[in-house]
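Undergrad: Sharing a sequence plus its predicted fold:
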Amino acid sequence: MAKAIMVQGTTSNAGKSFLAAALCRIFKQDGYTVAPFKSQNMALNSFITADGLEMGRAQVMQAEAAGIAPRVEMNPILLKPTNDTGSQVIVNGQVRGVMNARDYFKIKKQLVPDIMRAYNTLADSHDIIVLEGAGSPAEINLKQEDIVNMGMARMAGAPVLLCADIDRGGVFASLYGTVALLEPEERARVKGLIINNFRGDKTILDPGVEMLEKLVGIPVVGVVPHLQVDLDDEDSLTERFERTDGKGLIDIAVVRLPRISNFTDFNSLARMPEVSLRYVKSADRLGSPDVIILPGTKNTMEDLRWLRQSGMEAAILKHAADGGAVVGICGGYQMLCRSISDPEGVEAGGQIRGMGLLDADTVFLGEKERTRVTGRMENACGIFSELNGAAFTGYEIHMGQTTGKTDLSRLEQAGKSKTDGMAEGNVWGSYVHGIFDQGQFAGAFVSCLLRAKGLDPAQGVEDWESYKQRQYDLLADGVRQSVDMKKIYEIMEESICM
């Protein structure tokens, strides 16, 4: 069986995902086979594996850092919130149903065999497993049924590294309070503390570190500085949503839908020097962008109602009527159509009028489309005509079927061919997530927008995937220099006897 190490945090967004990714990369660099694992993930950013199964993107990022292909065993349970009280429950990559929080808590323990089968599958074929917790292990109202923090550490026999983000303030109280709220057996599992995201002179922090170690009896094994790395974010706590400034030649406005999903689709565009990409959640902040992008969403009908009520729909329709460019991806594509029907109650049921920018209709069905695809643009038009012939790769995750002249592109999947998407004038939509990840396609897309303004086309751009590999090395270097890796290896050796 593999050795194990688990990263838990004092809060959400404490840096668990990035620290776990850094450890995956470091262990890979040191010659070990390593796999990430998170028993239960709650996020709207998901991914489709090569065998058509759905998992959280955080473990995809960590698998990339480890140099291996993502597998659904790395994230056996994925919760995708559909509203404030309920989530779509995905087990082993497939939809189990939509449940409110109380009903899910009733069946959570029944999923332990699925969790352990997934974990043991990875442990049988790798040297090291890097586990990630969720939220905080000190949520005392949730401990009894815990399957993702100390409950998972117990099942895996994993020692725990507890991290806290100093940038949020109160780091010593956060670490001390979390340890204090743990049961004695849980506290014994915490073998090291990590202070994350530090800016400034570390020597000023040292007296506090010494006092904390004496108070809790656990060593601080690292103070990780604020690292300038550009990687996919796990969830809606991302700082990307707050970026409003930019001096690029092209202004891209992504509508920040209430239930936005897979916003990682646009990370590759955001790093291009020609582009300023911002997320907009009110009509008065929309301005006059070169293109408006409607992203994916976990609840298309409710988010379309929000567009309507907030005045954002009217602003987008005026932009399109003036010849402005509009792009919809997945749920955003569905919104651009004439109508959306939900006869099986996949979302809220009933029917809703779409924005009418594309001459197509969408019907929600109970079966979710989950496929990885390669494709090529065939019938783009308007300012995007020069996209025709551009190749891309990506994946589909949706529960709707759109009918009309859907021939924007041709997709290939497992030897089968089909068409996808629609274009009318300067408006187009597609079901393909990750469509901008290939540098050639992203460059062609931005070049279309530049030419429309009478500017020179974009320079060559590196594929998002190869760019990320360099970022993983930067992340690993920063963590290796600031964390006592010798101590981490010693902690893992001790875990065999736990």
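TA: Received it, and whenever you're ready, just let me know what you need. Numbering: from 1, shown residues only.
Undergrad: In PDB, could you pull the C-alpha coordinates for the longest helix seen in the chain?
TA: With residue count as the measure and DSSP state H as the assignment, the chain has helix 464-482 as its longest helix. Extracted C-alpha coordinates of helix 464-482, given in PDB (Å, rounded to 0.1, in the frame of the first residue of the first chain):
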ATOM      1  CA  TRP A 464      -2.700  26.200 -21.700                       C
ATOM      2  CA  GLU A 465      -1.600  22.700 -20.900                       C
ATOM      3  CA  SER A 466       2.100  23.300 -21.500                       C
ATOM      4  CA  TYR A 467       1.900  26.700 -19.700                       C
ATOM      5  CA  LYS A 468       0.400  24.900 -16.700                       C
ATOM      6  CA  GLN A 469       3.300  22.500 -16.500                       C
ATOM      7  CA  ARG A 470       5.700  25.300 -16.100                       C
ATOM      8  CA  GLN A 471       3.400  26.800 -13.300                       C
ATOM      9  CA  TYR A 472       3.500  23.400 -11.400                       C
ATOM     10  CA  ASP A 473       7.300  23.600 -11.400                       C
ATOM     11  CA  LEU A 474       7.200  27.100 -10.100                       C
ATOM     12  CA  LEU A 475       4.700  26.100  -7.400                       C
ATOM     13  CA  ALA A 476       6.800  23.100  -6.400                       C
ATOM     14  CA  ASP A 477      10.000  25.200  -6.200                       C
ATOM     15  CA  GLY A 478       8.400  27.700  -4.000                       C
ATOM     16  CA  VAL A 479       7.000  25.100  -1.600                       C
ATOM     17  CA  ARG A 480      10.100  23.000  -1.500                       C
ATOM     18  CA  GLN A 481      12.200  26.000  -0.500                       C
ATOM     19  CA  SER A 482       9.800  27.000   2.300                       C
END
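Undergrad: Let's verify the nearest residue to residue 133 once chain neighbours are set aside: helix, strand, or coil?
TA: Counting by CB to CB, 6 or more residues apart in numbering, residue 8 is the residue found nearest to residue 133 once chain neighbours are left out, at 3.7 Å. The way it works is simple: take the backbone N, C-alpha and C, and place the C-beta from them, glycine included. The local conformation at residue 8, judged by DSSP: H, G, I helix; E, B strand; the rest coil, is strand.
Undergrad: Could you report the distance from residue 8 to residue 479?
TA: 16 Å (CB to CB, to the nearest Å).
Undergrad: Compare neighbour counts for those two and give me the winner.
TA: Neighbours per residue (other CB atoms under 10 Å) separate residue 8 from residue 479, with residue 8 holding more: 27 against 23.
Undergrad: Just list whatever residues bridge to the nearest residue to residue 492 once chain neighbours are set aside.
TA: Excluding its sequence neighbours, the residue lying closest to residue 492 (CB to CB, 6+ apart) is residue 3, at 4.4 Å. Residue 3 forms beta bridges with residue 128, as assigned by DSSP bridges.
Undergrad: Correct me if wrong: residue 143 contacts residue 135.
TA: No. Using CB atoms under 8 Å, residue 143 and residue 135 do not qualify as a contacting pair, with a distance of 11.7 Å.
Undergrad: still on that earlier bit, give me the distance between the residue nearest to residue 492 and residue 159.
TA: Relative to residue 159, residue 3 is positioned 10 Å away (criterion: CB to CB).
Undergrad: cool, and residue 121?
TA: Applying CB to CB, one obtains 21 Å for the distance of residue 121 from residue 159.
Undergrad: Those two: who's more crowded?
TA: Of the pair residue 121 and residue 159, residue 159 is the one with more neighbours under other CB under 10 Å, namely 23 against 16.
Undergrad: what separates the helix or strand where residue 59 lies from the chain centre, distance-wise?
TA: In the assignment (DSSP states H and E), residue 59 maps to helix 57-66. Relative to the centre of its chain, helix 57-66 is centred 10 Å away, using CA atoms, centre = their mean, to the nearest Å.
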